[in-house]
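S.K.: Return a 3D structure for these sequence lines:
(one chain, ligands or ions: 1)
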Amino acid sequence: MILHEKLSAQLPAWRERIKSLAKEHAEVVVDHVNIGQIVGGMRDIKSLLSDVSFVDPAHGIIFRGLTIPELLKALPKARASKMPLVGGLYYLLMIGEVPTKEQALEVEAEWAKRAIVPDYVYKMLKTMPKETHPMTLFSQAVLALQNGSAFAAKYHSMKKDVYWEAALEDSLDLTAKLPVIAAYIYRMKYYGETSKPKYNPKLDYGANFSKMMKVSDKKGYSELARLYFILHSDHEAGNVSAHTMHLVGSALSDPYLSFSASLNGLAGPLHGLANQECLGWLLEVHKKFGGVPSRDDLYKFAWDTLNGGHVIPGYGHAVLRVPDPRYMAQMEFAKKRFPDDELLRLADLVFDVVPAVLKEQGKAKNPAPNVDAISGTLQYYYGVREFDFYTVLFGVGRALGVTANYVWARALGMPIERPKSLTTKMLEDVVAKAAQPAA
Ligand code: HAX
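M.R.: Down below sits the predicted model:
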């Protein structure tokens, strides 16, 4: 298998680099931690290692050295498509090199072989109460698949230096099955259909997803699926879904256990669930004004949102200080395909008006849009209008990045994670000591 071959070729040298850092330079200081960071969600503490992606405040997410525009240009494209093959992105995340089309198609072929979901998973999903949130169903299905984990089965018989091989097996199996499960949940929950989706080996990951979701491809939903999964795949190692995968995996919980936990973090309203809020706000504006409002009306509405004590969803970012390139890529996609769509015109007007409002308010460090400001608008256009499903889509994409990180963490022998905690009194003592005049 191409990923196995390419990864194992890189390992000896990479392991030496890590060994040298850990043995010869262990005492070199990278960062200082202050009390604000300890009580403030460990914000910005440089304490994680990931070579898969890096968030640059000025350029956005960099996947293996490539910005979003560079990545979309460089990766091999799907047949009759302007969008890259998702298999090519997975190759890039895992291996760190842009694949040839043949290499990208090899990953796609692996997925096609593995996209079979056992019957008991469907039965379990059918048994759940109708009102169960789709993210709960999704996470449960991943957990149910743990039964087939190669990592768990081989754990007692394999040596540490080959953990990554079983991790890669599981990661390919898991990422192959996720679009099938997601589409099943969608058709079952919103349309009452319980026939099993069929993955067509002649089609790529994005086209299969579009077919299994039964969203008409006349307007190009396959293209959006490819773009969406690629853009949502990774966002360096510190966000909740990525860090959860890493933390749980560090206990040598297999990829299924770890990813189910990661999804549970993604399901939180401050993380992946935020994408449904943004579309809600746009639709509220649309309803209130019976269409696209004037600039003045939108300006006033944005201030009313802020004065009401709410944030403007889809704007601001913890790390970025420019418009999110993931937003820009989706906006460009939409403007090329449906420039006259009313909701899109509204989203564009919001992009024109809201950053100025946030600047005037003077609180947000970054008044520009993030990825969530537009992703729902695109799904809505294609007819996927069930907001609570959007985080499942995010989850299918996020699996690509976090499993690549998981495989590398096992390949580099990363140990169990164990930061140290202090009590409130201890922190107060640190403050008191710092306030004492130097002797
Ligand atoms: N509207 C109103 N106020 C905002 C704001 C916005 N869109 N963005 C930031 N601010 C406010 C913050 O609430 C904060 O106010 P307080 O000092 O009163 O607490 C102040 O500006 C400083 O915040 P910040 O340092 O610029 O931003 P944070 O790193 O604290 O938070 C958030 C980043 C994305 C959470 C924030 O910008 C926000 O709440 N945005 C709106 C919600 C949203 O779009 N969430 C999706 C994020 C994308 C993502 O990660 N998805 O998974």
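S.K.: Report the secondary structure state of Val384.
M.R.: coil (DSSP: H, G, I helix; E, B strand; the rest coil).
S.K.: In space, what's closest to it - neighbours in sequence excluded?
M.R.: Distances taken as C-beta to C-beta, 6 or more residues apart in numbering put Val215 closest to Val384, at 6.3 Å, once the chain neighbours are dropped. For every residue, glycine as well, the C-beta is placed using N, CA and C.
S.K.: same thing with Ser216?
M.R.: Ser216 sits nearest to Gly383 (C-beta to C-beta, 6+ apart), 7.2 Å away.
S.K.: Extract the CA atoms of the host helix or strand of Leu227 and return them as PDB.
M.R.: For Leu227, the host element (DSSP states H and E) is helix 221-231. Once non-C-alpha atoms are left out, helix 221-231 reads as follows in PDB (Å, rounded to 0.1, in the frame of the first residue of the first chain):
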ATOM      1  CA  TYR A 221     -22.500  19.000  -5.000                       C
ATOM      2  CA  SER A 222     -19.600  16.600  -5.500                       C
ATOM      3  CA  GLU A 223     -17.300  19.600  -6.100                       C
ATOM      4  CA  LEU A 224     -18.500  21.200  -2.900                       C
ATOM      5  CA  ALA A 225     -18.000  17.900  -1.000                       C
ATOM      6  CA  ARG A 226     -14.400  17.700  -2.100                       C
ATOM      7  CA  LEU A 227     -13.700  21.300  -1.200                       C
ATOM      8  CA  TYR A 228     -15.500  21.000   2.100                       C
ATOM      9  CA  PHE A 229     -13.700  17.900   3.300                       C
ATOM     10  CA  ILE A 230     -10.300  19.300   2.300                       C
ATOM     11  CA  LEU A 231     -10.800  22.700   4.000                       C
END
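S.K.: Run the chain-centre distance for whatever helix or strand comes next after it.
M.R.: Downstream of helix 221-231, the first helix or strand assigned by DSSP H and E is helix 240-250. From the chain centre to the centre of helix 240-250 is a distance of 13 Å (C-alpha atoms, centre = their mean, to the nearest Å).
S.K.: now do stretch 277-286
M.R.: That offset, for stretch 277-286, works out to 22 Å (C-alpha atoms, centre = their mean).
S.K.: what does stretch 246-258 give?
M.R.: Relative to the centre of its chain, stretch 246-258 is centred 17 Å away, using C-alpha atoms, centre = their mean.
S.K.: Same question for that stretch: list its buried residues.
M.R.: Neighbour-count burial for stretch 246-258 flags His246, Leu247, Val248, Gly249, Ser250, Leu252, Ser253, Asp254, Pro255, Tyr256, Leu257, Ser258 (criterion: 16 or more other C-beta atoms under 10 Å).
S.K.: From those residues, list the ones also adjacent to the ligand.
M.R.: Among these, not one lies near the ligand by C-beta under 6 Å from any ligand atom.
S.K.: Pick the one among those closest to the ligand.
M.R.: His246 (16.7 Å; C-beta to the nearest ligand atom).
S.K.: So in this protein, where's the weakest helix or strand by average pLDDT?
M.R.: Sorting the helices and strands of the chain by mean pLDDT, DSSP states H and E puts helix 274-289 at the bottom, at a mean of 91.
S.K.: Does it reach the ligand?
M.R.: Yes - counting by C-beta under 6 Å from any ligand atom, the ligand has neighbours in helix 274-289: Ala274.
S.K.: Which residues belonging to that helix are considered buried?
M.R.: Here helix 274-289 shows Ala274, Asn275, Gln276, Glu277, Cys278, Leu279, Trp281, Leu282, Leu283, Val285 as buried, counting by 16+ other C-beta under 10 Å.
S.K.: Now the next helix-or-strand element following that helix: average pLDDT?
M.R.: Using DSSP H and E, the next helix or strand after helix 274-289 towards the C-terminus is helix 295-307. Averaging pLDDT along helix 295-307 yields 97.
S.K.: For stretch 39-58, what is the distance to the chain centroid?
M.R.: How far stretch 39-58 lies from its chain's middle: 15 Å, per C-alpha atoms, centre = their mean.
S.K.: List the buried residues in that stretch.
M.R.: Ile45, Ser50, Val52, Ser53, Phe54, Val55.
S.K.: With stretch 410-420 instead?
M.R.: In stretch 410-420, counting by 16+ other C-beta under 10 Å, buried: Arg410, Ala411, Leu412, Met414.
S.K.: hey, C-alpha coordinates of that stretch in CSV?
M.R.: The C-alpha coordinates for stretch 410-420 follow below in CSV (Å, rounded to 0.1, in the frame of the first residue of the first chain):
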residue,chain,number,x,y,z
ARG,A,410,2.5,6.4,17.0
ALA,A,411,5.2,6.3,14.4
LEU,A,412,7.3,8.8,16.4
GLY,A,413,6.6,6.9,19.7
MET,A,414,4.9,9.9,21.3
PRO,A,415,4.3,9.2,25.0
ILE,A,416,1.2,9.5,27.1
GLU,A,417,0.3,13.2,27.6
ARG,A,418,0.4,14.4,31.2
PRO,A,419,0.5,18.2,31.8
LYS,A,420,0.8,19.3,35.5
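S.K.: List of residues touching that stretch?
M.R.: 7, 11, 14-15, 18, 47, 49, 160-161, 163-164, 167, 246-247, 249-252 (C-beta atoms under 8 Å, 6 or more residues apart in numbering).
S.K.: Residues of the stretch 251-400 of the chain that sit close to the ligand?
M.R.: 271-272, 274, 306, 311-318, 358, 363-366, 370, 372.
S.K.: Now with 8 Å, please.
M.R.: With C-beta under 8 Å from any ligand atom as the criterion, the stretch 251-400 of the chain comes near the ligand at residues 266, 270-272, 274-275, 277-278, 305-306, 310-319, 354, 358, 361, 363-367, 370-373, 394.
S.K.: so of these, which ones are in strands?
M.R.: Assigned to strands by DSSP state E, none of these qualify.
S.K.: Now which of those residues would you call buried?
M.R.: Judged by 16+ other C-beta under 10 Å, buried ones among those: 266, 271-272, 274-275, 277-278, 305-306, 312-317, 319, 354, 358, 364, 366-367, 370-373, 394.
S.K.: Output the residue of the stretch 51-200 of the chain whose distance to the ligand is smallest.
M.R.: Counting by C-beta to the nearest ligand atom, the stretch 51-200 of the chain gets nearest the ligand through Val55, at 10.4 Å.
S.K.: my read: that residue touches Ala237, true?
M.R.: No - using C-beta atoms under 8 Å, Val55 is not in contact with Ala237, being 9.7 Å away.
S.K.: What residues does Phe138 make contact with?
M.R.: Ile181, Ala182, Ile185, Leu263, Val392, Gly395.
S.K.: Now do whichever residue of the stretch 301-439 of the chain sits closest to the ligand against Val322, distance only.
M.R.: In the stretch 301-439 of the chain, the residue that lies nearest the ligand is Gly316 (2.1 Å; C-beta to the nearest ligand atom). Distance from Gly316 to Val322, counting by C-beta to C-beta, to the nearest Å: 12 Å.
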